[in-house]
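**Q** Build the 3D model from these lines:
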Amino acid sequence: MSSITLTEVFNLPAPERLRIASALWDSVATQPEQFKLTQEQAQELDARYADYLAHPAEGESWSAVKSQILQSR
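**A** From the prediction side, this is the model:
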């Protein structure tokens with residue numbers, strides 16, 4: 001495997017940079033155990049989940065939010 005500098009990566013065409021970024025993201029996503037939440041992040045997630053449990057009818061589904069985003073473009 002050949003080495004490439006970040007400067008060289010930034011000079012690649014956008015589709016190639018996107019392919020590289022996607023491959024990097026996929027490689028990170030396969031190792032979630034290497035990323036620990038901070039205490040503050042865990043507390044925020046707990047608070048949001050508790051709020052959801054207390055008010056399950058509030059909010060929007062992902063499909064509704066996604067539709068709104070796509071319609072606003």
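**Q** Let me see the ranges of the helices in this structure.
**A** According to DSSP state H, the chain carries its helices in the segments 6-10, 14-29, 39-54, 62-71.
**Q** and the shortest one, what other elements does it pack with?
**A** Right, the one you point to is helix 6-10. helix 14-29 (3 or more Cβ pairs under 8 Å, 6 or more residues apart in numbering; DSSP states H and E). The way it works is simple: take the backbone N, C-alpha and C, and place the C-beta from them, glycine included.
**Q** As CSV, could you dump the C-alpha coordinates of the helix it packs on?
**A** Extracted C-alpha coordinates of helix 14-29, given in CSV (Å, rounded to 0.1, in the frame of the first residue of the first chain):
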residue,chain,number,x,y,z
ALA,A,14,-14.1,15.6,-4.8
PRO,A,15,-15.6,12.2,-5.7
GLU,A,16,-12.3,10.5,-4.7
ARG,A,17,-12.0,12.4,-1.5
LEU,A,18,-15.6,11.4,-0.7
ARG,A,19,-14.7,7.7,-1.3
ILE,A,20,-11.7,8.0,1.0
ALA,A,21,-13.8,9.8,3.7
SER,A,22,-16.5,7.1,3.5
ALA,A,23,-13.9,4.3,3.8
LEU,A,24,-12.4,6.0,6.8
TRP,A,25,-15.8,6.5,8.4
ASP,A,26,-16.7,2.9,7.8
SER,A,27,-13.5,1.7,9.4
VAL,A,28,-14.1,3.9,12.5
ALA,A,29,-17.7,2.7,12.8
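**Q** List the contacts of it.
**A** Applying Cβ atoms under 8 Å, 6 or more residues apart in numbering, the contact partners of helix 14-29 are Val9, Phe10, Leu12, Phe35.
**Q** Please compute how far stretch 61-73 lies from its chain's middle.
**A** The chain centre lies 17 Å from the centre of stretch 61-73; the measure is Cα atoms, centre = their mean, to the nearest Å.
**Q** Over to stretch 55-72?
**A** Taking the mean of its C-alpha atoms, stretch 55-72 sits 17 Å from the chain's own mean (Cα atoms, centre = their mean).
**Q** for stretch 36-50, same thing?
**A** Centroid separation for stretch 36-50 versus its chain: 16 Å, with Cα atoms, centre = their mean.
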